[in-house]
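Undergrad: Quick one, structure for this:
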Amino acid sequence: MLPSSALVAWPRLASDAGAVPQLVGLVAGCVLLMSVGAVGVVVARLRCEQRVLRVGARIGEHWDRVGFELVVLPVAAPLAYSLGGRRPQVVLSAGLCDLLDRDGQAAVIAHEAAHVYGRHDRWLRLASVADAAVWFVPWMKSATGVVRSSLEQWADLEAAREVGSERLREALLAVVGIRPSPSPAASLSGAAALGERLALLESFGQRHNQGGLRLAATTIGSAERVAALAGAGGIFAALAALERLCGG
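TA: Model prediction:
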């Protein structure tokens, strides 16, 4: 991050015992100021997007559910996301409902409700703030990406417990082209790769049908692949997936 002029002058600066700490302090101060500014911008953007994504009472159809408000927007494009906060919402579009039957709609709602009940919006906001605060760390985006992926897999498993893994797998395949939502919202599309999520749901179904031994081998193999792709952050994803699959 140092400018080329400072690198060229480094031997001369190193000969002065007082200059090096001053230069390091200056660089650290600049990095800190840039991080604070980036965090401020991200927080303001998240608040703005939160207000835009929340659906008013006069728009679409609204139903009260346990712990959240279900909203169906009169929009043709496939859309599904959830918002936390004081008045949690699960938002679907009419276009998405047209793509799915009643079982598929129930699976999508169960997935988004799992995000609401788990308060995953807080973790998504924290991941966005961490990306901005530690922008100079090369592996930070990979680590926060694994957190987002783990939250999607968490919601998948919670929904599979409620509606069945096969129904959720069919719903995921039906809405494979859904557009991701902005960072404050948890979305069905999510950050996790579709292939990994489908494999996880298949393993979840095998757990109920054939016992835990085959599931453990499949899950450990998936965890190793995640760890290989995401480095240290992948260990977190693997442990989170194992914890969810083993029921705590």
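Undergrad: all helices of the chain, in order?
TA: 4-8, 10-14, 19-53, 94-99, 102-117, 120-133, 140-163, 165-174, 194-210, 212-230, 232-245 (DSSP state H).
Undergrad: Least reliable of those by average pLDDT, please.
TA: Lowest mean pLDDT within those: helix 212-230, a mean of 41.
Undergrad: do you know how far the residue nearest to Ala94 when sequence neighbours are not counted is from Trp63?
TA: Leaving out its chain neighbours, the residue that sits closest to Ala94 by C-beta to C-beta, 6 or more residues apart in numbering is Pro74, at 5.4 Å. (Glycine included, C-beta is placed from N, CA and C.) From Pro74 over to Trp63 the distance is 15 Å, taken as C-beta to C-beta, to the nearest Å.
Undergrad: Which residue comes closest to Val41 once chain neighbours are left out?
TA: The shortest distance from Val41 to any non-neighbouring residue, by C-beta to C-beta, 6+ apart, is to Ala132 (7.2 Å).
Undergrad: Is that neighbour in contact with Ala38, as I believe?
TA: Yes. Here Ala132 reaches Ala38: they are 4.0 Å apart, a contact under C-beta atoms under 8 Å.
Undergrad: In terms of neighbours, single out the busier of those two.
TA: Neighbour count, other C-beta atoms under 10 Å: between Ala132 and Ala38, Ala132 has more, with 20 against 16.
Undergrad: ok, that one - contacts?
TA: Taking C-beta atoms under 8 Å, 6 or more residues apart in numbering, we find Ala132 in contact with Ser35, Ala38, Val39, Val41, Val42.
Undergrad: Buried among those residues? Make that a PyMOL selection.
TA: To isolate the buried ones among the contacts of Ala132 in PyMOL, judged by 16 or more other C-beta atoms under 10 Å, type:
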select buried, resi 38+39+42
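Undergrad: Any idea how many residues pack against the closest residue to Val72 other than its chain neighbours?
TA: Closest residue in space to Val72, ignoring its immediate chain neighbours: Glu61 at 4.7 Å, by C-beta to C-beta, 6+ apart. Counted by other C-beta under 10 Å, the residues lying close to Glu61 total 11.
Undergrad: Could you check the pLDDT of Glu61?
TA: Residue-level confidence at Glu61 comes out at 93, pLDDT.
Undergrad: repeat for the one 5 residues further on
TA: Val66 is assigned a predicted lDDT (pLDDT) of 91.
Undergrad: Near it, how many other residues are there?
TA: Per other C-beta under 10 Å, the neighbour tally for Val66 reads 6.
Undergrad: Got the phi and psi for the residue nearest to Val31 when sequence neighbours are not counted?
TA: Nearest residue to Val31 in three dimensions, chain neighbours excluded: Phe136, at 6.1 Å (C-beta to C-beta, 6+ apart). Main-chain dihedrals, Phe136, degrees, to the nearest 10: phi -90, psi 0.
Undergrad: ok, now how distant is Phe136 from Gln22?
TA: Phe136 sits 20 Å away from Gln22, taking C-beta to C-beta as the criterion.
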